[in-house]
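J.: Let me see the structure of the following:
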Amino acid sequence: QVPLVQSGGGLVQAGDSLRLSCAGPGRTFNNKAVGWFRRPLGKDREFVAQITWTGDNTYYSDSVKGRFTISRDNAKSTVYLQMNSLKPEDTAVYYCARLGSAFASDRENPYEYDYWGQGTQVTVSS
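T.: Residues are numbered from 1 along each chain as shown. Presented below is the predicted three-dimensional model:
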């Protein structure tokens, strides 16, 4: 079951920008934080960013801070990840996910998230 639908991604050159979208059907995102993760080839899944339900708080990994921006449009039930100044090391499959509980203790732990998108490839060439 993959209720979150992702779009965006692709092949770009270093320094370019991309925007990923993640749509949650119905009330999937209501009162829920949403995060983005990525899995580089041959490596473990890693936290990228998270946004709270109201959008008042956002969190980023150190590797993307200042270059990526997470945002959401609750009227459209969609979360975005704007990626600027892309680097080859950003190459990965990117996933959006819904935080399962407001009482989750570790926002960077993928096991705290219950619904996931299908994943989208982002490739940055040097």
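
J.: for the closest residue to A104 other than its chain neighbours, what are its contacts?
T.: Leaving aside its sequence neighbours, A104 sits nearest to E112 (CB to CB, 6 or more residues apart in numbering; 4.0 Å). Where you see a C-beta, it was placed from the backbone N, CA and C, and this is true even at glycine. Contacts for E112 (CB atoms under 8 Å, 6 or more residues apart in numbering) come out as L99, G100, S101, A104, S105, D106.

J.: and which of those is nearest to Q6?
T.: Lowest distance from Q6 to the contacts of E112 (CB to CB) belongs to L99, with 16.6 Å.

J.: Report the contact partners of N109.
T.: So N109 contacts F47 (CB under 8 Å, 6+ apart).

J.: Check which helices and strands the lengthiest strand in the chain sits against.
T.: Counting by DSSP state E, the longest strand found in the chain is strand 92-99. Packing contacts for strand 92-99, counted by 3 or more CB pairs under 8 Å, 6 or more residues apart in numbering; DSSP states H and E, involve strand 5-7, strand 18-23, strand 34-39, strand 78-83, strand 113-116, strand 120-125.

J.: Can you tell me what sits against it?
T.: Applying CB under 8 Å, 6+ apart, the external contacts of strand 92-99 come out as 4, 6, 9, 20, 22, 24, 28-29, 32-41, 45, 48, 50, 79, 81, 107, 110, 112-117, 119-122.

J.: what about N57, distance to G42?
T.: Distance of N57 to G42, computed by CB to CB, to the nearest Å: 32 Å.

J.: Repeat that for L18.
T.: 22 Å.

J.: Then N84?
T.: Computed as CB to CB, the N84 to G42 distance reads 26 Å.

J.: returning to that earlier point: can you show me the CA trace of the longest strand of the chain as PDB?
T.: Output of strand 92-99 as PDB, limited to C-alpha atoms (Å, rounded to 0.1, in the frame of the first residue of the first chain):
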ATOM      1  CA  ALA A  92      19.600   9.100  -4.800                       C
ATOM      2  CA  VAL A  93      16.100   7.800  -4.800                       C
ATOM      3  CA  TYR A  94      14.000  10.300  -2.900                       C
ATOM      4  CA  TYR A  95      11.000   9.300  -0.800                       C
ATOM      5  CA  CYS A  96       8.300  11.200   1.000                       C
ATOM      6  CA  ALA A  97       6.700   9.800   4.100                       C
ATOM      7  CA  ARG A  98       4.000  10.600   6.700                       C
ATOM      8  CA  LEU A  99       5.100  10.800  10.300                       C
END
